[in-house]
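S.K.: got a predicted model here, sequence first, then my questions.
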There are 2 protein chains.
Amino acid sequence: MKTLSQVGKYGLRAILYLVAYPSENPYMSIRQISDELNLSFHFVTKIFRELTAKGILISYRGPSGGVALARPADQIMLIDVVKALEGEDYFDKCLIGLPHCGTAKPCPVHEFWKETKIKIQQNFTETSLASLGEKIRSQEFRLDD
Amino acid sequence: MKTLSQVGKYGLRAILYLVAYPSENPYMSIRQISDELNLSFHFVTKIFRELTAKGILISYRGPSGGVALARPADQIMLIDVVKALEGEDYFDKCLIGLPHCGTAKPCPVHEFWKETKIKIQQNFTETSLASLGEKIRSQEFRLDD
DNA sequence: TTTAAATAAGATTAAATACTCTTAAATATG
DNA sequence: CATATTTAAGAGTATTTAATCTTATTTAAA
């Protein structure tokens, strides 16, 4: 089930690293993140520009610059990041691709799929970056291999 | 949530049409299916070749030939078609793309995602093409717009 | 004020996916 | 047997996504 694009996967891992391992400086460099996670520096940079434009990150140029969360980690929900990376209509898609699939004239799997999406959406809405960061810091969860 | 590729979406819609509107002849032509659903004939043909190779459809060439289900519609489950179209490892993927994500060293969303996938898998395993076909025939559910 | 360190922007290339086209093979029917 | 109808096979093209590269801009510190 390829649920997220590469942009979504890399973006999530990168922002979670930022959350899980806060530095002394207010900003963490993208180079550090991409090196630690073995991701392409340029690709992560591009993804982070988008998250900055969307108001999830803030960035600062020059020496000891880098990126930081725009809000405290307990006020950024997983769903905010996913929607920023995959599009605001992320949870509005019909499983078999029919346009305007809805209660009025549903596709044969509409009901089940609608409930599934709602549950995922709920979970993502309740899950803060802070809680995920703590999980990672606890060493029981990982961001790379 | 782009859960299925175009191959998966078109393939599902096409096989559901075949199930929902059985013809008098044992075989239905791909041309009829692609015309009715406004899908590319060549693309559906290619997708159906795969389903034939995987033993979900049977095909017959020549006049009044076409495709048909290889087994009765109540013995083909949605999961069979999805796995044939998207790959057998369809439900084995980590949300954020970590290889070997599992109970041993899980990613931070592993547990939730595992449960989600299991529920979807269960539903797809319980849902037969026959039951979806009936829904469509009842006119309350559609395959196109 | 020069240099180095960092992100911004966007052009460019590579790879994967989606789709189309052509030719071959099978088969029914006149 | 000739012709029309159908799928099989796979080459070819187009589009989208993924990833890389180059140049510009900002900023701190020597």
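M.R.: That came in fine, so what should we check first?
S.K.: get me the contact residues on chain A for DNA strand C.
M.R.: For chain A, the residues in contact with DNA strand C (Cβ under 7 Å from any atom of the strand) are A:29-31, A:42, A:45-46, A:48-49, A:52-53, A:59-67. Placement of C-beta: from N, CA and C, glycine included.
S.K.: give me the buried subset of those.
M.R.: Using 16 or more other Cβ atoms under 10 Å in any protein chain shown as the burial test, the residues of chain A next to DNA strand C include A:29-30, A:45, A:48, A:59, A:66-67 as buried.
S.K.: tell me the one of those nearest residue A:83?
M.R.: residue A:48 (16.0 Å; Cβ to Cβ).
S.K.: which helix or strand contains that closest one?
M.R.: helix A:41-53 (DSSP states H and E).
S.K.: is that helix up against chain B anywhere?
M.R.: No - residues of helix A:41-53 are not located near chain B by Cβ under 8 Å from any Cβ of the partner chain, the shortest gap being 13.1 Å.
S.K.: hmm, who's touching whichever helix or strand comes after that helix?
M.R.: Remark: after helix A:41-53, the chain's next helix or strand is strand A:57-60, criterion DSSP H and E. With contact meaning Cβ atoms under 8 Å, 6 or more residues apart in numbering or on different chains, strand A:57-60 is reached by A:15, A:26-27, A:48-49, A:51-52, A:65-70.
S.K.: my guess is residue A:143 contacts residue B:106. True?
M.R.: No - with contact defined as Cβ atoms under 8 Å, residue A:143 and residue B:106 do not form a contacting pair (10.9 Å).
S.K.: same for the helix holding residue A:48, what does it pack against?
M.R.: Under the contact criterion of 3 or more Cβ pairs under 8 Å, 6 or more residues apart in numbering or on different chains; DSSP states H and E, helix A:41-53 touches helix A:6-20, helix A:30-37, strand A:57-60, helix A:78-86.
S.K.: so it, near DNA strand D or not?
M.R.: Yes - using Cβ under 7 Å from any atom of the strand, helix A:41-53 reaches DNA strand D at A:42-43, A:45-46.
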